[in-house]
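In: this is a predicted model, with the sequence first.
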Amino acid sequence: MVTAIQTSAWAYPMLEVMHLLGVGLLLGNLALLEMRVFGWGAALAVQPLARLALGLSVFGFGLAGASGLLMFVGQAGELLSNRAFTLKMLLLCLAGCNAGWFHARESLLLLDVTARAQMLLSSLIWLGVLTCGRWIAYI
C-alpha cells in the first residue's frame, strides 16, 4: 500500500481530498455546536443538535484520521522530523483531552462559563491544528 501511495499520481491527492472533507465535517459541526453553547440559536434544543453535530463530527474525525494515517505512511520519515507535524499531533491530543473533559463534566447539560471556556479553548486548539497542518508543507 505504501508503494501505491508513493507512486500513484492520484492516491495522495485523493487522500488529501478525503482528509479535507473529514476536517470540514469535523470542524463545521463543532462550530455549529459551539455557537449553540454560546447562546446562538437558543430556540434549538441542545441535546438533539448535539447528537447530530457530534455524530457528524465523529464521522469527520474518523475520515480525517484514516486518510491522515494513509498519507503519513506514504512519507513517515519526512513527517516524523517535521516540527509542524509534531505540534499538530500534540494539539490533536490536547483537543481529545479537552473534548473528554467537556463530555465527562456533562458541559452540554450545564452550558455554564466553564463549558463556554472549553468551547473557546477547543476553537483555539483546532485553529492551531489547521495552522500546523498547512505549515507541514513549508517547514
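Out: On my side now, so go ahead. From a predicted model like this one, the values you see are computed outputs, not experimental measurements.
In: where is the longest helix in this protein?
Out: helix 46-74 (DSSP state H).
In: I'd like the average pLDDT over that helix.
Out: In this model, helix 46-74 has a mean pLDDT of 96.
In: mind listing what's buried along it?
Out: Buried residues in helix 46-74, counting neighbours by 16 or more other C-beta atoms under 10 Å, are found at 49-50, 53-54, 56-57, 60-61, 63-64, 67-68, 70-72, 74. Using the backbone N, CA and C atoms, a C-beta is placed for each residue, glycine as well.
In: tell me where this protein has helices.
Out: Counting by DSSP H, the chain has helices at residues 2-7, 11-37, 46-74, 76-80, 83-104, 107-110, 113-135.
In: what's the mean pLDDT across the shortest one?
Out: Averaged over helix 107-110, pLDDT sits at 94.
In: run through who's touching that helix.
Out: Val37, Val46, Gln47, Ala50, Phe102, Thr114, Ala115, Gln118 (C-beta atoms under 8 Å, 6 or more residues apart in numbering).
In: next, the angle helix 83-104 makes with the longest helix of the chain.
Out: 150 degrees (axes from the mean of the first three to the mean of the last three C-alpha atoms, to 10 degrees).
In: what about helix 46-74, distance to the chain center?
Out: 7 Å (C-alpha atoms, centre = their mean, to the nearest Å).
In: could you do stretch 37-51 as well?
Out: On C-alpha atoms, centre = their mean, the centre of stretch 37-51 falls 20 Å from the chain's centre.
In: only alpha carbons, please: show that stretch as CSV.
Out: Presented in CSV, the C-alpha positions along stretch 37-51 are these (Å, rounded to 0.1, in the frame of the first residue of the first chain):
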residue,chain,number,x,y,z
VAL,A,37,-23.3,26.7,23.6
PHE,A,38,-22.6,30.4,23.3
GLY,A,39,-26.3,31.0,23.1
TRP,A,40,-26.8,31.5,19.4
GLY,A,41,-29.8,29.6,18.1
ALA,A,42,-31.3,29.3,21.6
ALA,A,43,-34.5,28.1,20.0
LEU,A,44,-32.7,24.9,19.0
ALA,A,45,-32.7,22.2,21.7
VAL,A,46,-29.2,21.4,22.7
GLN,A,47,-29.4,17.6,23.0
PRO,A,48,-30.8,16.8,19.5
LEU,A,49,-28.5,19.3,17.9
ALA,A,50,-25.5,17.8,19.8
ARG,A,51,-26.4,14.3,18.7
